[in-house]
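Trainee: Output the structure for:
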Amino acid sequence: MAGLGQVQLSPPSLAVLHGAQARFNCSTAAPWVVMSWFLNDRAVITVSAKHGTLSNSVSFTVTNRTTTRSTVWELVIWNVTRNHTGDVTCDFQNIGRQTATLSVQVAGTVVIDGGNVTGRKGGRVRFRCQASDWYPAPTLTWALAVNQEVNNYTTSHAAAPDGLFRSTSTLDVLAVVDTWVQCQASVPALPAPKTHRVFLTVGPGGDDQTVLIAVVVSVLTIPLLVLLIIALICCCVNERKSRRTEDTRGNGRCGEVATDRAGQGQNNLGYSWNENTGVAPSEPRSDRGPPISAGAHQAPVSSGQGVYPGDFRTIRHATTV
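Mentor: Modelled structure (predicted):
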């Protein structure tokens, strides 16, 4: 039997994505009769130097790539699945064999929870990245648009019953300037990581927010003061109008009373009719005073001469001391 060095298998290890193709090349410079391919110690295809391919299938094919210097056979595994993961062996009968490793991987989804975020300037904003349905567990990393070191994040992995992994990574970002934040998930079979990007918008900080609130309050206070002044002016005007209306009504009533008094004339409050003499004395008699002498008469107390019906004599009262 020739030494193992006479059989070459490349690549020694291969990682491909689910659904892709896996290709291996096996070669020897020694004369050969039969060669076989094995997957996890199970023969999948056999080739005869005299008769060619002795067995074939839809999932496994071989192609002769022999050169003038060596015999080369290429094995192609089509539409690989995770069941194809394992050892791939090339065996040249009576010459030697070599084994390579095949890893079939699954690239799932990656997303940053919550989408775009607005953060307070100077504060910290937390981002959470979810990578679902990966095999094997993906490597999660972060990237920022600004030149800021990204190392303050944690990552955890959990396997589902079907063998796929769900990974979570949490990142804290210091809100300094507007930037994009990108989560990256990768496995060796991916030519480039899968990414998801969101944007961080930096809003006013604590001091800036206080100033903004003060400005807003000031702007809102001025219209309120103007409205209050207008309301006070309107109240004063309405009150003056109400007073003028009441004064006008009061003057009207006073005029009516004066007119009524002018039409009635003046009343003599001292008038009293004397049935015996037919004379109306101007003031009532006092029981305390001395008797009035005969023939004396008292003039009625009034602002003018009193005129009484039935008697046109002037009556005067004299008091003896």
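Trainee: where do the helices sit along the chain?
Mentor: 206-264 (DSSP state H).
Trainee: Show me the domain layout of it.
Mentor: 4-105, 109-203, 208-235, 269-321 (automatic domain parsing).
Trainee: what's the average pLDDT for the longest one?
Mentor: What it means is domain 4-105. Here domain 4-105 scores 94 as its mean pLDDT.
Trainee: same deal with the third one?
Mentor: Domain 208-235 carries an average pLDDT of 75.
Trainee: cool, and the second one?
Mentor: When the per-residue pLDDT values of domain 109-203 are averaged, the result is 94.
Trainee: before we move on, back to that, do you know which of the domains of the chain lies nearest residue 245?
Mentor: Ranking the domains of the chain by distance to residue 245, with CB to CB as the measure, places domain 208-235 first at 15.7 Å. Every C-beta, even on glycine, is put in place using the N, C-alpha and C of the backbone.
Trainee: Please convert the domains of the chain to a markdown table, extending it with distance to residue 243 and mean neighbour count.
Mentor: A markdown table is the format used below for the domains of the chain (distance: least, CB to CB, whole Å; neighbours: other CB atoms under 10 Å):
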| stretch | distance to residue 243 | mean neighbour count |
| --- | --- | --- |
| domain 4-105 | 93 | 16 |
| domain 109-203 | 56 | 16 |
| domain 208-235 | 13 | 10 |
| domain 269-321 | 37 | 12 |
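Trainee: from memory residue 146 sits against residue 175, does it?
Mentor: No. Using CB atoms under 8 Å, residue 146 is not in contact with residue 175, being 10.8 Å away.
Trainee: all strands for the stretch 101-250 of the chain, in order.
Mentor: Taking DSSP state E, counting those that start in this stretch, the strands of the stretch 101-250 of the chain run over residues 109-112, 117-120, 124-134, 139-144, 153-159, 165-174, 179-186, 194-203.
Trainee: how close does the nearest residue to residue 39 once chain neighbours are set aside get to residue 135?
Mentor: Nearest residue to residue 39, sequence neighbours excluded (CB to CB, 6 or more residues apart in numbering): residue 88, at 5.8 Å. Distance, residue 88 to residue 135, by CB to CB, to the nearest Å: 19 Å.
Trainee: Over to residue 107?
Mentor: When CB to CB is applied, the distance between residue 107 and residue 135 equals 9 Å.
Trainee: any common contacting residues for these two?
Mentor: Listed as contacting both residue 107 and residue 135 by CB atoms under 8 Å, 6 or more residues apart in numbering are 18, 187.
Trainee: quick revisit: which one of the strands of the stretch 101-250 of the chain lies closest to residue 14?
Mentor: Residue 14 lies closest to strand 179-186 among the strands of the stretch 101-250 of the chain, at 16.9 Å (CB to CB).
Trainee: just checking, what packs against the closest one?
Mentor: Using 3 or more CB pairs under 8 Å, 6 or more residues apart in numbering; DSSP states H and E, the elements in contact with strand 179-186 are strand 109-112, strand 124-134, strand 139-144, strand 165-174, strand 194-203.
Trainee: tell me the angle of the second one relative to strand 179-186?
Mentor: Which is strand 124-134. Put simply, strand 124-134 runs at 30 degrees to strand 179-186, going by axes from the mean of the first three to the mean of the last three CA atoms, to 10 degrees.
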